[in-house]
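Colleague: let's see this in three dimensions:
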Amino acid sequence: LEIYLDELSGQFTDTELEQLGDKDSEILSNLLYKWRSSWDLEIYSDPYYVFETVSCGINVTAMLQGDKLRNTSPVLHTLMWWDHLGYEPKTIIDVGAGVGLSSVWMASRYKNSQIYVDEISPLSIQLLRRVKKELGLENLHIGDQLDSYDAGTFYEVVEHIQSPDDPTIGTRFPWTDKYLA
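Modeller: Numbers count the residues shown, from 1 in each chain. As a prediction, the model looks like this:
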């Protein structure tokens, strides 16, 4: 969070940055209202969307507790299953990676694997680039660069896209079509 705050310090006010990582923040409430009012995918280009990707990465996907993944973390479960199976993918795509906490954990855990990130939020990518540099993760690549991968993750991507006609039914997120096909 300290890296994120430092990287975003010139783009948001101190009052706004105090909400970074807070799942109950006013900024996130406003984004949710905006999304449910329009169902417009342009929300992913909104600079404030980075507050959602940071909060989601910390509180939902990685489920960080200090510097550890909680036992209920989807990322931890993936890593545990791969370890249990003796599986270390050579190439992994993390689709909709947000700020890339899952990608960072995979790149740190599987040093011989190449981790690729596909994310559409410019500020999320900016934060991931900074973390990659700070941690020296040479096996972490930002951008989809291969025709196929040994493994892929879609944490918190498809299930959040709701139909404007029926909010109980999800619709496909257009930029994920190539992966879902």
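Colleague: and the helices in this protein?
Modeller: Secondary structure of the chain (DSSP state H): helices located at 2-8, 14-17, 26-38, 49-56, 74-84, 101-109, 122-135, 177-180.
Colleague: give me the mean pLDDT for the longest one.
Modeller: Meaning helix 122-135. Across helix 122-135, the average pLDDT comes to 95.
Colleague: which residues does it contact?
Modeller: Contacts with helix 122-135, where a contact means Cβ atoms under 8 Å, 6 or more residues apart in numbering, come from 3-4, 7-8, 11, 45, 47, 49-50, 53-54, 97-100, 103-104, 108, 117, 119, 137, 140, 142. The way it works is simple: take the backbone N, C-alpha and C, and place the C-beta from them, glycine included.
Colleague: would you write a PyMOL line that selects the buried entries of those residues?
Modeller: Buried members of the contacts of helix 122-135, defined by 16 or more other Cβ atoms under 10 Å, are picked up in PyMOL with:
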select buried, resi 4+7+8+49+50+53+54+97+98+99+100+103+104+117+119+137+140+142
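Colleague: how about the helices of the chain in a markdown table, adding distance to residue 63?
Modeller: Shown next, in a markdown table, are the helices of the chain (distance: least, Cβ to Cβ, whole Å):
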| stretch | distance to residue 63 |
| --- | --- |
| helix 2-8 | 17 |
| helix 14-17 | 22 |
| helix 26-38 | 17 |
| helix 49-56 | 10 |
| helix 74-84 | 8 |
| helix 101-109 | 10 |
| helix 122-135 | 18 |
| helix 177-180 | 24 |
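Colleague: which one of those helices is the most hemmed in?
Modeller: Counting by mean count of other Cβ atoms under 10 Å, helix 49-56 has the highest mean neighbour count of the helices of the chain, with a mean of 24.
Colleague: next, the angle from that helix to helix 122-135.
Modeller: Here helix 49-56 points in a direction 50 degrees away from that of helix 122-135 (axes from the mean of the first three to the mean of the last three Cα atoms, to 10 degrees).
Colleague: C-alpha coordinates for helix 49-56, PDB please?
Modeller: Output in PDB follows, covering the C-alpha atoms of helix 49-56 (Å, rounded to 0.1, in the frame of the first residue of the first chain):
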ATOM      1  CA  TYR A  49     -11.300   2.900 -10.700                       C
ATOM      2  CA  VAL A  50      -7.800   2.200  -9.400                       C
ATOM      3  CA  PHE A  51      -9.300   2.500  -5.900                       C
ATOM      4  CA  GLU A  52     -11.500  -0.500  -6.800                       C
ATOM      5  CA  THR A  53      -8.600  -2.600  -8.100                       C
ATOM      6  CA  VAL A  54      -6.500  -1.800  -5.000                       C
ATOM      7  CA  SER A  55      -9.300  -2.600  -2.600                       C
ATOM      8  CA  CYS A  56     -10.300  -5.700  -4.500                       C
END
